[in-house]
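1. Got a predicted structure here, sequence first:
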Amino acid sequence: MAAGRGARMWRFDTGRICLDLVTTEPAGGAPGGCEQLDGPERLARWLTDARLVPPGTVLPALDDTWVARFHDLRSAVGRLMAAQLGGPAADGALERVNLLASGAPPGPRAVRGADGGLVRALSTAPDCAGLLSVVARDAVDLLTDPAARAALRRCQGEDCHRLYLDTSRGGRRRWCSGEVCGNRARVARHRRRTMGAAGGRGPVKEMPPGVR
């Protein structure tokens, strides 16, 4: 899901929250991507949209330090996943993710909402280390699960570098999203066919007089 500054700029369709975090960096997103977690306000919104904290959760301690720490985790996870796909060795990244995963994540609890139904809340106010541990533990789970590792893919769309888990039947999914990069590829393929057909036409023959 892409949008302007006033709306959500991210998508949550990679199959794992750790990969969703990676896609928020310019190199991890779609063509023309920009830094999506560029300040405390954007990070607070991402944490809510990613469902790491319930809607309405107040995070008074969230500041630029939190943003830098999430950028650090994002970089480590991205390097580890790239290494899984044959990229360069991610020196130090595994140790960093393991360290962050050792933190205690915020505990969830069920409480009554305004309408009397049960809604999710947190047992204590979440701190940065606890929220980082949720994402880091997800990365550890992915990296230590042979089936998940085998399903890790990088989008084959033009200029797109998004990572995702291919859970399609037969493992033949090529794009991070069929509606986004897949549709973009189909449009480009149709355009090339159309231009090729137009370029291959011979001179237009004049019809004899009186023939329509």
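-> Arrived safely, thanks for sending. Residues are numbered from 1 along each chain as shown.

2. Please count neighbours and contacts with C-alpha atoms only from this point.
-> Will do.

3. Could you report the neighbour count for Trp46?
-> Residue neighbour count, defined by other CA atoms under 10 Å, stands at 20 for Trp46.

4. And for Pro106?
-> When neighbours are defined as other CA under 10 Å, Pro106 has 21 of them.

5. what residue ranges in this protein score low on pLDDT?
-> Confidence mapping of the chain against pLDDT under 70 gives the ranges 1-9, 27-33, 177-180, 182-193, 195-212.

6. For this structure, just list every one of the strands.
-> 108-112, 118-122, 152-154, 163-165 (DSSP state E).

7. Check the offset of the last one from the chain's centre.
-> I take that to be strand 163-165. Using CA atoms, centre = their mean, to the nearest Å, we find the averaged C-alpha position of strand 163-165 to lie 8 Å away from the chain's own average C-alpha position.

8. For it, give me every contacting residue.
-> 13-16, 19, 22-23, 28, 148, 151-155, 176 (CA atoms under 8 Å, 6 or more residues apart in numbering).

9. run the last query once more with 7 Å
-> Residues from elsewhere that reach strand 163-165, judged by CA atoms under 7 Å, 6 or more residues apart in numbering: 14-15, 19, 151-155, 176.

10. Quickly compare the strands of the chain and say which is most buried.
-> Comparing the strands of the chain on average neighbours per residue, with mean count of other CA atoms under 10 Å, the densest one is strand 163-165 at a mean of 23.

11. In PDB, list the C-alpha atoms belonging to stretch 168-175.
-> Taking only C-alpha atoms (Å, rounded to 0.1, in the frame of the first residue of the first chain), the coordinates of stretch 168-175 have been written out as PDB:
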ATOM      1  CA  SER A 168       2.100 -19.900  -3.500                       C
ATOM      2  CA  ARG A 169       1.300 -23.400  -4.800                       C
ATOM      3  CA  GLY A 170       4.400 -24.700  -6.500                       C
ATOM      4  CA  GLY A 171       6.500 -21.800  -5.300                       C
ATOM      5  CA  ARG A 172       6.200 -19.900  -8.600                       C
ATOM      6  CA  ARG A 173       5.400 -16.400  -7.300                       C
ATOM      7  CA  ARG A 174       7.700 -13.900  -9.000                       C
ATOM      8  CA  TRP A 175       6.600 -10.600  -7.600                       C
END
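
12. Alright, calling it a day.
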